[in-house]
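Asks: My questions are about this predicted structure, shown below with the sequence.
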Amino acid sequence: LAHSYSPHPSSSPLQHRAMSTMIISSRLCHQARVLARHHHHRSPASTNNTLVPVSRTRRSEVGLANIISRPIFSNANATNATNNANGDASSISSISFLVAATATLLCTTTTTGANNNITSSSNNANNESTLSKLVQCSTGSFGGDPVMIAPVTEPATGKMFPRLCNGMTFAGCGVRVKWGFVKVYAVGTYLDPLAMSMVKSQGESAVKKALLDPKYPRTIRIVMNRNLSVDKYTSAILEALEPRMAGCQDLSSLEEFKKLNPKVDLVDGAEMEMTIRGDVMLYKNATGGLGQIRSLDFTTAMCDVFYGEEAVSPTHLKSVVGGVPNL
């Protein structure tokens, strides 16, 4: 079949292979339809359209017919035979898909070369690379490895942030600097693109106002850049929250936050996540433990810590404000 036709004298080897592949794909589909028609029999004496039982010796053929044509209904033995053949039929279906996709790619990548009668060795190499990528993507849908989007690296610390976190999209990141030179941790923000869709086109002031409002869902992800005792970490967060909660009656949330962090010192690379939705903050500590604080005063103050005029990380705030329009 691969050489059952006479190629045009000006066609390239890649075009010749493309046409051969299309012939094979067409032949496979034709054989499948023939099998479907040949084995799909009805009983003349039946009044309820029940199909005749199928022999055990034709399991794989019945499985293929069951994939291509309408379902085959039969007795219990025939049903079991059909189920046992599904694995073989699925494999044939997968191969047919790859053959058809390969033929489409080869025809597409050689159209320009055929029109100009120019086919160079470098173009063939590029086509082979593209074909390899197509096969990798195609096999991925049948159980291969998924394609991952590259994370973003915070430039000052080198800490990486994935594109997605807790169902939200990365907006920006920065570094928390203490005493002017100590890079304590990297911090990144993840936002809900749908919630920010009306805000992102209204300018920088509208974006900053939305970031200060805890009703806009977000996840604040902190990655330590050095070893630090958990007491110093907790004290630094509380030190930033207390003046912002001055005059609030719900100060018990500060003690709740302290209890959410176990007495385990933080190491370089330790991660903490704060997911804020209205008056609720879900917290994941460095050991993976989960906790919750319900207080609108607390969540509002936490938003001001990272997105206010005196944000603890100006580079983080600038990056987030600049990244919101790209959500």
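Replies: Received the coordinates, thanks. Numbering: from 1, shown residues only.
Asks: C-alpha from now on. contacts and neighbour counts both.
Replies: Will do.
Asks: in the stretch 151-300 of the chain, which spans are helices?
Replies: Remark: helices assigned in the stretch 151-300 of the chain by DSSP state H, counting those that start in this stretch are 204-211, 230-241, 252-259, 296-307.
Asks: Redo the ones you listed as a markdown table? Include mean neighbour count.
Replies: As requested, these are arranged in a markdown table below (neighbours: other CA atoms under 10 Å):
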| stretch | mean neighbour count |
| --- | --- |
| helix 204-211 | 17 |
| helix 230-241 | 15 |
| helix 252-259 | 14 |
| helix 296-307 | 22 |
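Asks: Make CSV out of the ones you listed and add mean pLDDT and distance to residue 173.
Replies: Supplementary listing: these in CSV, determined by pLDDT from 0 to 100; distance: least, CA to CA, whole Å:
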stretch, mean pLDDT, distance to residue 173
helix 204-211, 95, 14
helix 230-241, 93, 18
helix 252-259, 92, 23
helix 296-307, 96, 11
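Asks: In CSV: those, plus distance to residue 186.
Replies: Converted to CSV, the helices of the stretch 151-300 of the chain look like this (distance: least, CA to CA, whole Å):
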stretch, distance to residue 186
helix 204-211, 19
helix 230-241, 13
helix 252-259, 20
helix 296-307, 12
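Asks: Verify the stated contact: residue 317 with residue 310.
Replies: No. Counting by CA atoms under 8 Å, residue 317 stays clear of residue 310, with 9.9 Å between them.
Asks: So which of the two has more stuff around it?
Replies: Taking neighbours as other CA atoms under 10 Å, residue 317 and residue 310 compare with residue 317 leading, 26 against 11.
Asks: now the more buried one, what's its secondary structure?
Replies: helix (DSSP: H, G, I helix; E, B strand; the rest coil).
Asks: how close does it sit to residue 307?
Replies: Per CA to CA, to the nearest Å, residue 317 is found 6 Å from residue 307.
Asks: Return the residues in contact with the residue nearest to residue 206 when sequence neighbours are not counted.
Replies: Among residues not flanking residue 206 along the chain, residue 199 sits closest, at 6.2 Å (CA to CA, 6 or more residues apart in numbering). Applying CA atoms under 8 Å, 6 or more residues apart in numbering to residue 199 gives the contacts 206, 207, 210.
Asks: is it true that residue 266 touches residue 225?
Replies: No. Using CA under 8 Å as the test, residue 266 is too far from residue 225 to be in contact (9.8 Å).
Asks: Neighbour count: those two, which is higher?
Replies: For residue 266 versus residue 225, the count of surrounding residues by other CA under 10 Å is larger for residue 225: 23 against 20.
Asks: Could you pull up the contacting residues of the more buried one?
Replies: 157, 159, 183, 184, 185, 186, 268, 269.
Asks: Just list the residues touching the residue lying closest to residue 219 once chain neighbours are set aside, thanks.
Replies: Once flanking residues are discounted, residue 219 sits nearest to residue 275: 4.2 Å by CA to CA, 6+ apart. Residue 275 makes contact with 217, 218, 219, 220, 281, 282, 283 under the criterion CA under 8 Å, 6+ apart.
Asks: how near is the nearest residue to residue 315 once chain neighbours are set aside to residue 313?
Replies: Once flanking residues are discounted, residue 315 sits nearest to residue 174: 4.9 Å by CA to CA, 6+ apart. Using CA to CA, we find residue 174 at a distance of 7 Å from residue 313.
Asks: between those two, which one's more packed in?
Replies: Each of residue 174 and residue 313 has its neighbours counted (other CA under 10 Å); residue 174 has more, 25 against 21.
Asks: correct me, but residue 305 touches residue 317?
Replies: No. Assessed by CA under 8 Å, residue 305 is found out of contact with residue 317, at 10.3 Å.
Asks: shared neighbours, those two?
Replies: The contact lists of residue 305 and residue 317 share residue 311, where a contact means CA under 8 Å, 6+ apart.
Asks: quick one: the strands in this structure?
Replies: Counting by DSSP state E, the chain has strands at residues 152-153, 160-161, 164-165, 168-178, 182-191, 218-224, 271-277, 280-284, 290-294.
Asks: In the last one, which residues are buried?
Replies: Right, strand 290-294. 291, 292, 293, 294 (16 or more other CA atoms under 10 Å).
Asks: what's the answer for the fifth one, then?
Replies: Burial within strand 182-191, assessed by neighbour count using 16+ other CA under 10 Å, is assigned to 183, 184, 185, 186, 187, 188, 189, 190, 191.
Asks: tell me, how many neighbours does residue 243 end up with?
Replies: 10.
Asks: How about the one 5 residues further on?
Replies: Counted with other CA under 10 Å, the burial measure for residue 248 works out to 10 neighbours.
Asks: Low-confidence ranges, the stretch 51-200 of the chain, go.
Replies: The stretch 51-200 of the chain contains residues with pLDDT under 70 at 51-148.
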